[in-house]
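Novice: predicted coordinates and the sequence they were generated for:
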Amino acid sequence: MDIPSELIQLLRKKPRTAVLTGAGISAESGIPTFREAQTGLWARYQPEDLATPAAFERSPRLVWEWYAWRRELVAKASPNAGHYALAALESRLDEYCLITQNVDGLHARAGSRCVLELHGSLQRVKCSRCHAATDGEDIPDWQTIAAAHPEEIPPRCPSCGAALRPDVVWFGESLPGAAFQAAWQAAETCQMFLSIGTSALVQPAASLPLIALQQGAVVVEINPSATPLTPQVTYSLMGPSGAVLPDLVNQAFPAVAGTSLQN
């Protein structure tokens with residue numbers, strides 16, 4: 001891809017970098033977006049039936065089983081070249097922060113270490129009452145529980161006995177305060193901001209690249225199509241992140257012994 005030489009030269013100077021990723025990078029790994037996941041058996045449900053506190057209170061088993069199904073989809077997916085390129089970029093920069101709206105955990109699986117999950121994670125659950133977090137690996141397979149003890153879906157919190165719920169942000173809920181504060185600080189203090197695979201419409205995350213622009217950062221958008229952010233960015237690199245990011249990282253930091261991040 002024809003990447004501006006000025007951008008390559010800037011990246012080689014190892015600027016303080018913040019990255020925001022959205023559903024687009026996960027879609028390249030075959031993970032459906034929230035609304036795309038409402039297919040088949042789930043097509044007859046509205047978001048308010050599956051992803052709100054009221055929905056969980058009304059139909060906890062239905063909500064748990066939908067998220068269990070989504071966890072199975074994610075488990076079958078693998079990080080793509082874009083995920084790996086971001087992990088490689090982190091290893092080459094001194095100050096770097098990855099902010100994601102995705103809940104699939106693919107950035108961590110690709111090797112990224114500094115990841116702020118604004119919308120939570122499908123891999124974790126938490127108590128619906130005391131909010132104690134429990135790692136998803138500690139929860140018995142929901143299908144096994146359903147067969148043996150139907151009344152235990154969702155599983156119960158080991159601390160207080162209330163129903164466990166996915167550790168994700170539902171409609172009507174606030175983003176995790178600490179994660180968003182850290183994301184805001186990263187946007188305010190970065191010298192380069194990468195907006196990748198996001199529509200630039202979902203607030204408050206959509207405000208982060210604008211904050212970076214206001215503070216004088218170079219803002220780069222990587223997306224297959226234009227967004228409301230496109231006219232304002234410093235550089236717009238049109239294309240899938242799985243193709244653009246490896247090119248960007250390899251041109252700025254040539255891979256050792258001629259290997260390629262796309263392999």
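Specialist: Nice, thanks for sending it over.

Novice: what's the neighbour count on residue 121?
Specialist: 21 (other C-beta atoms under 10 Å). (C-beta placed from N, C-alpha, C; glycine too.)

Novice: which is the next helix or strand following the helix or strand of the chain with the lowest mean pLDDT?
Specialist: Counting by mean pLDDT, DSSP states H and E, the weakest-scoring helix or strand in the chain turns out to be helix 142-148, with a mean of 55. The helix or strand immediately downstream of helix 142-148 is strand 164-168, counting by DSSP states H and E.

Novice: and that next one, what does it pack against?
Specialist: helix 60-76, strand 120-127 (3 or more C-beta pairs under 8 Å, 6 or more residues apart in numbering; DSSP states H and E).

Novice: need the residues that contact it.
Specialist: 51, 56, 60, 63-64, 67, 103, 119-122, 124-128, 133-134, 139, 154-157 (C-beta atoms under 8 Å, 6 or more residues apart in numbering).

Novice: how near is the residue nearest to residue 35 when sequence neighbours are not counted to residue 66?
Specialist: Here the nearest residue to residue 35 in space, its sequence neighbours aside, is residue 47; by C-beta to C-beta, 6 or more residues apart in numbering that works out to 7.6 Å. Distance, residue 47 to residue 66, by C-beta to C-beta, to the nearest Å: 11 Å.

Novice: who has more neighbours, those two?
Specialist: Comparing residue 47 with residue 66 by other C-beta under 10 Å, the one with more neighbours is residue 66, at 21 against 13.

Novice: need the per-residue pLDDT for the nearest residue to the more buried one once chain neighbours are set aside.
Specialist: Excluding its sequence neighbours, the residue lying closest to residue 66 (C-beta to C-beta, 6+ apart) is residue 50, at 5.1 Å. Residue 50 carries a pLDDT value of 87.

Novice: residue 50 against residue 64, yeah?
Specialist: No. Residue 50 is beyond contact range of residue 64, at 10.2 Å (criterion: C-beta atoms under 8 Å).

Novice: related to what we said a few turns ago, from memory the residue nearest to residue 35 sits against residue 34, does it?
Specialist: Yes. Counting by C-beta under 8 Å, residue 47 sits close enough to residue 34 to count as a contact (7.3 Å).

Novice: you'd agree residue 243 is in a helix?
Specialist: Yes. Under DSSP: H, G, I helix; E, B strand; the rest coil, residue 243 falls within a helix.

Novice: what number of residues are in the vicinity of it?
Specialist: Neighbours of residue 243 under the rule other C-beta under 10 Å: 19.

Novice: give me the distance between the nearest residue to it once chain neighbours are set aside and residue 162.
Specialist: Once flanking residues are discounted, residue 243 sits nearest to residue 1: 6.8 Å by C-beta to C-beta, 6+ apart. Distance, residue 1 to residue 162, using C-beta to C-beta: 51 Å.

Novice: what do you get for residue 196?
Specialist: As for residue 196, its distance to residue 162 is 37 Å (criterion: C-beta to C-beta).

Novice: model confidence over the helix or strand residue 86 falls within, on average?
Specialist: Assigned by DSSP H and E, residue 86 belongs to helix 81-92. Mean pLDDT, computed over helix 81-92, is 97.

Novice: could I get the buried residue list for it?
Specialist: By neighbour count on 16 or more other C-beta atoms under 10 Å, the buried set for helix 81-92 is 81, 82, 83, 84, 85, 86, 87, 88, 89, 90.

Novice: does residue 184 touch residue 211 like I think?
Specialist: Yes. Proximity of residue 184 to residue 211 meets the contact threshold set by C-beta under 8 Å, at 6.8 Å.
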